[in-house]
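K.L.:
Curious how this folds, go ahead:
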Amino acid sequence: MSDNPFSLWVYLSQSPLLWLTVTLLTYAIADAVSLWTHRHPLANPVLHSMWIIGAFLLLTKTSYTTYFGGAQFVHFLLGPATVALAVPLYENRKLVAAAILPMLVALAVGSITAIVSVVLLAEAAGLPRAIILSLAPKSVTAGVAMGISESLHADPSLTAVSVVLTGIIGAIIVTPLMNRTGITDFRARGFAVGIAAHGIGTARAFQVDAVAGVFAGIAMSLNALVTSLLVPLAVTLLVR
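P.N.:
Residues are numbered from 1 along each chain as shown. Have a look, this model is predicted:
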């Protein structure tokens, strides 16, 4: 192999291990900064990991396909991480059972609001039908949202971007918003962010309080199911 540093970089950049290391190291640093700020909403580690890695890929002229060759190992862990939410759910099962009725009402209202609001706003802005369809499932986890988008013949890539942005914005504003509105019940706070901001919001909820995280995880899971049923109906009724 050549002693030229550029040649060395070209060699390393093709290794999945490099991008896995970059991803984990970047997130570890961002999370340490978040912890140092006492989990300030604006120090969200997902947000800062994204722009740092994005800037690094642009500077090194690395394609997303090459990057994902290594990052897919982290992506694979999303499944086990979601299943692991069953552990705190089981530990708090009595608390959850006592709040079933309010949760069902909040789920119906939250799911409908998340879908209808973005569709009507997009319609009012005069966005093309394809974009509206791509934005409709923005409040559910990426895998489900992209599946809904594909079933509507929309753009799954645009859907994925809207899902990530929704999750990050929700994770940033949930704590100050709940504090400002005087909502102190962590069950309500967690359930709200789980419906509105899916997995990223759920991760934020666990950082704040374990009970909030449990209810956020429940909301995220139930909302994925309800949204997959409501989006096609909303599109039929609301989108021209």
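K.L.:
My understanding was that Thr66 contacts Trp19; is that so?
P.N.:
Yes: Thr66 is within contact range of Trp19, at 7.3 Å (criterion: Cβ atoms under 8 Å). Backbone N, C-alpha and C define where each C-beta goes, glycine included.
K.L.:
what about those two, which has more around it?
P.N.:
When neighbours are counted by other Cβ atoms under 10 Å, Thr66 and Trp19 differ, and Trp19 comes out ahead with 25 against 18.
K.L.:
Show the average pLDDT along the helix or strand hosting that one.
P.N.:
Using DSSP states H and E, Trp19 maps to helix 16-36. For helix 16-36, mean pLDDT rounds to 88.
K.L.:
My guess is Arg129 contacts Val239. True?
P.N.:
Yes: using Cβ under 8 Å, Arg129 and Val239 qualify as a contacting pair, with a distance of 6.0 Å.
K.L.:
List the contacts of the closest residue in space to Thr159 that isn't next to it in sequence.
P.N.:
Once flanking residues are discounted, Thr159 sits nearest to Ser149: 3.9 Å by Cβ to Cβ, 6 or more residues apart in numbering. Applying Cβ atoms under 8 Å, 6 or more residues apart in numbering, we find Ser149 in contact with Leu133, Ser134, Pro137, Asp155, Pro156, Leu158, Thr159.
K.L.:
where's the closest residue to Val116 other than its chain neighbours relative to Ser151, distance?
P.N.:
Using Cβ to Cβ, 6+ apart and skipping the chain neighbours, the partner closest in space to Val116 is Ala234 (6.2 Å). Using Cβ to Cβ, to the nearest Å, one gets 13 Å for the distance from Ala234 to Ser151.
K.L.:
Of the two, give the one with the bigger neighbour count.
P.N.:
Relative neighbour count places Ala234 above the other of Ala234 and Ser151, with 19 against 13, counting by other Cβ under 10 Å.
K.L.:
Okay, and the more buried one sits in which element?
P.N.:
Per DSSP H and E, the secondary structure element for Ala234 is helix 210-238.
K.L.:
Please apply the same query to Gly126.
P.N.:
Here Gly126 sits in a region with no helix or strand, counting by DSSP H and E.
K.L.:
where do the helices sit along this protein?
P.N.:
Assigned by DSSP state H, the chain shows helices spanning 5-13, 16-36, 45-60, 64-76, 78-84, 86-91, 93-97, 100-124, 129-135, 142-151, 156-181, 186-208, 210-238.
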